[in-house]
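**Student:** Just need the structure, nothing else, for what follows:
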Amino acid sequence: MHISIIIVNYNVKYFLEQCLCSVKKAIDKLEAEVIVIDNNSTDDSIAYLQPKFPFVQFIYNEENVGFAKANNQALQYCNGDYILYLNPDTIIPEDCLLKCIDFFEKTPDCGALGIKMIDGSGTFLPESKRGFPSPVASFFKLTGLADLFPRSRLLNQYSLGYLNPFVNHQVDVLAGAFIMAKSTIIKEINGFDEAFFMYGEDIDLSYRIQQLGYNNYYFADSTILHFKGESTKKGSLNYVKMFYSAMSIFVRKHYSGTKASVFSMFIQLAIFFRASISLAKMIVFRIGLPLLDAVIIYGCLWKVKNEWIKWVRDGEPFSQDNFRLMFFSFAIIFLITGALSGMYDNPDKPSKTFVSSLSGILVMVTVYGLLPSDMWFSRAVMIVGGLVAGIAITVFRWLLIQFEWIEKSDEEYKFQQTAVVGSLEEYQQVVHIYKKAGLEERLLGRIKVNGQEEKSIGDVKQLKELLNRLNIKEVIFCEGYLTNYLNIQLVQTLPKNVSYRFIGQHTKSIVGSDSKATVGETLAAEGFYRISEPYQKRMKRVADVLFACYLLVTLPVQLVIVSSRIGLIRNIFKVLLNQATWVGYTKEEIALPKLKKNLLTCCGLPLNAAHPLNKEALHHLNIQYAKNYDFWFDVGLLLKNYKQLGG
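**Tutor:** Predicted coordinates:
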């Protein structure tokens, strides 16, 4: 057998669906086996995927045993000459595996091979090729200096940014998203070291392969899509801590004495640096942009006042002495007016911030004119100070965006026009999924790939021009008439300000990833449910906890109103301990997003209470609740059904 492919899955069934679809095409001319280890996913991955891919051997773990252990678990089932460790959030081209095997056969010293990877926007992923995490390299990586100087031989030793990504190279470290190695070597070193739960296991594996006398190679003659690269995670302090933990294991295992001490010192410095940045970000968002803006406005007014006295009044001060109170009041007026004008609706748009601040200046100056004359000092100071404050706030927003402390909102994404690159049949497949998601109105039309003119807005050869002229902001590439190879080549040539999505032949999901704030975007024919969105899930939990706290604080009153007193107390603590939610489905729904056990149903009755509607009607009621969920609906339902809360 040529190759054994091992994929570890955890709650990414739609990404895995697309991955397996691409793998099926890539092994068409090979003797191959595919093994999927599921690490106790809660999204029904196995039930969804097993009927679709009968050639895959699925193994289900009853707990999440980690990446390294799960991969090792599959080794006992492998019979191939080569083993490929592949992430589920990847799409590989049809000729990828054949090219990799050919490279192995022509390169006797090759023990393992990594590959050129791009993300969902077509951008090269620097983790495709890496050096060993020496103390200096790790420090520059964790502090962010490597990102600021990506091509520096000194500062970007970790990602080897100075090496041409389009040329094959010997490298030290391969990325765990795609590691292909000779089966004899993997079995000789017993696979991954299970001391690594997440991060670092690929570094350790690469190191041990080299210790056997083989070389690791970065292979640039084929390119894969890797949707959720390191770029989606490296900004968080939690990532830094996990990376540090992994590096500590690596150091204890492979280094000793002074070198280990120096390594730990550099990593600790990097942790301190990143923790300081994270603390600053927390201050920005916990204290809030409005408070920081108020400080900027107050400071600008005060600075302009002092400069005005110095340059316009030749040092003669104003007669009023209540500047502190007035400037503070004007800062509040400025903020309230700006907020009402939308200054905080889209903090990722500095231009809107500046325009909104102009309304704040107008109201501020108007209020100034209404003050008693004995409080006037200079209308010009107010106007100039307001303009300077507006510019300062706008620049402050721009800096926060540049440092990625403010993420791009998805407001435009919700209304953007979508074009589908594919055949008429493939286009209709996408239409079906978009109808399920309630997004059909976004579909602009089909870009033809096979000469079919019907329902076509242009040809794939005109794709760049169509993106510009029709203001298309989302493109869905269908695999079928166009191969994965061609789709991957195409996306690398297109603008990066467009969202790109991918759908495999005969699959029922669309995947992509174009935001560093998220781990990926999916749409599926199973349906789109607002209740599964991170924001709605978070707000549902917040509403649950706040309402439980309210009931707890007013418990003496509630015990008089609610019919079942003991039941109420029990339910309050169930909700607070996250064992239950106040409102949920009328009955258990396997096909809908999972919720905690609920105490009230979305129709206002206690769970398991008799209802005049039949099962089919209740099922549709549950679908509507999941599709159109808003946490205010829960609040309204709770207020209307107070007496039932002890049930």
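**Student:** mind checking the backbone torsions on Lys129?
**Tutor:** phi -140, psi 130 (degrees, to the nearest 10).
**Student:** ok now do Ile101, which residues does it touch?
**Tutor:** Ile101 makes contacts with 2-3, 30, 82, as judged by Cβ atoms under 8 Å, 6 or more residues apart in numbering. C-betas here are computed from N, CA, C, even on glycine.
**Student:** Please identify the helix or strand for it.
**Tutor:** Under the criterion of DSSP states H and E, Ile101 resides in helix 96-106.
**Student:** Equivalent analysis for Val363, please.
**Tutor:** If you go by DSSP H and E, Val363 is part of helix 350-370.
**Student:** Need the residues that contact that helix.
**Tutor:** By Cβ under 8 Å, 6+ apart, helix 350-370 touches 330, 333-343, 345-347, 376, 379, 382-383, 386-387, 389-391, 393-395, 397-398, 401.
**Student:** taking the residues you listed one by one, which sit in helices?
**Tutor:** 330, 333-340, 379, 382-383, 386-387, 389-391, 393-395, 397-398, 401 (DSSP state H).
**Student:** List buried residues within the residues you listed.
**Tutor:** Listed as buried from those are 330, 333-335, 337-339, 382-383, 386-387, 389-390, 393-394, 397-398, 401; burial here means 16 or more other Cβ atoms under 10 Å.
**Student:** coming back round to it: can you pull the buried residues of the helix holding Ile101?
**Tutor:** Buried residues in helix 96-106, counted by 16+ other Cβ under 10 Å: 96-98, 100-101, 103-104.
**Student:** which strand is the longest one in this protein?
**Tutor:** Longest strand in the chain by number of residues, with DSSP state E as the criterion: strand 215-226.
**Student:** which neighbours does that strand have in its sheet, and in what orientation?
**Tutor:** Its sheet considered, strand 215-226 pairs with strand 90-91 (antiparallel), strand 110-118 (parallel), strand 169-171 (antiparallel) by DSSP bridges.
**Student:** for the ones you listed, which one sits closest to Tyr298?
**Tutor:** Across the strands paired with strand 215-226, Tyr298 has its closest neighbour in strand 110-118 (46.8 Å, Cβ to Cβ).
**Student:** re the thing from before, in the longest strand of the chain, what counts as buried?
**Tutor:** Neighbour counts over strand 215-226 (16+ other Cβ under 10 Å) mark 215-220, 222-226 as buried.
**Student:** any idea of the mean pLDDT in that strand?
**Tutor:** Averaging pLDDT along strand 215-226 yields 97.
**Student:** Helix 96-106 and that one, what's the angle between them?
**Tutor:** 170 degrees (axes from the mean of the first three to the mean of the last three Cα atoms, to 10 degrees).
**Student:** circling back: output the helix holding Ile101 in PDB, but only the C-alpha positions, please.
**Tutor:** Taking Å, rounded to 0.1, in the frame of the first residue of the first chain, the C-alpha atoms of helix 96-106 are listed here in PDB:
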ATOM      1  CA  CYS A  96      -0.500  16.500  -4.300                       C
ATOM      2  CA  LEU A  97       0.200  13.100  -2.900                       C
ATOM      3  CA  LEU A  98       1.600  11.700  -6.200                       C
ATOM      4  CA  LYS A  99       4.100  14.700  -6.300                       C
ATOM      5  CA  CYS A 100       5.100  14.100  -2.700                       C
ATOM      6  CA  ILE A 101       5.700  10.400  -3.200                       C
ATOM      7  CA  ASP A 102       7.700  11.200  -6.300                       C
ATOM      8  CA  PHE A 103       9.900  13.600  -4.300                       C
ATOM      9  CA  PHE A 104      10.600  11.000  -1.700                       C
ATOM     10  CA  GLU A 105      11.600   8.500  -4.300                       C
ATOM     11  CA  LYS A 106      14.000  11.000  -5.900                       C
END
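**Student:** Centre of the chain to it, how far?
**Tutor:** Centroid separation for helix 96-106 versus its chain: 33 Å, with Cα atoms, centre = their mean, to the nearest Å.
**Student:** which one is Lys574 nearest to, not counting chain neighbours?
**Tutor:** Ala580 (4.0 Å; Cβ to Cβ, 6 or more residues apart in numbering).
**Student:** got a list of what the one you found touches?
**Tutor:** For Ala580, the residues meeting the contact criterion (Cβ under 8 Å, 6+ apart) are 571, 574, 596-599.
**Student:** same deal with Lys13?
**Tutor:** By Cβ under 8 Å, 6+ apart, the residues touching Lys13 are 41, 43-45, 48-49.
**Student:** One more: Gly200?
**Tutor:** 243, 245-247, 249-250.
**Student:** same question, Asp544
**Tutor:** Residues in contact with Asp544, defined by Cβ under 8 Å, 6+ apart, are 575, 581-582, 634.
**Student:** secondary structure element for it?
**Tutor:** Per DSSP H and E: helix 534-553 holds Asp544.
**Student:** just how off-centre is that helix within its chain?
**Tutor:** 24 Å.
**Student:** ok, and the helix or strand in the chain with the lowest average confidence?
**Tutor:** helix 411-415 (a mean of 48; mean pLDDT, DSSP states H and E).
**Student:** Next, the contact list for Ala246, please.
**Tutor:** The contact partners of Ala246, taken as Cβ under 8 Å, 6+ apart, are 196, 198-201, 203.
**Student:** That should have said Asn87, apologies.
**Tutor:** 7-8, 19, 176-178, 226, 228.
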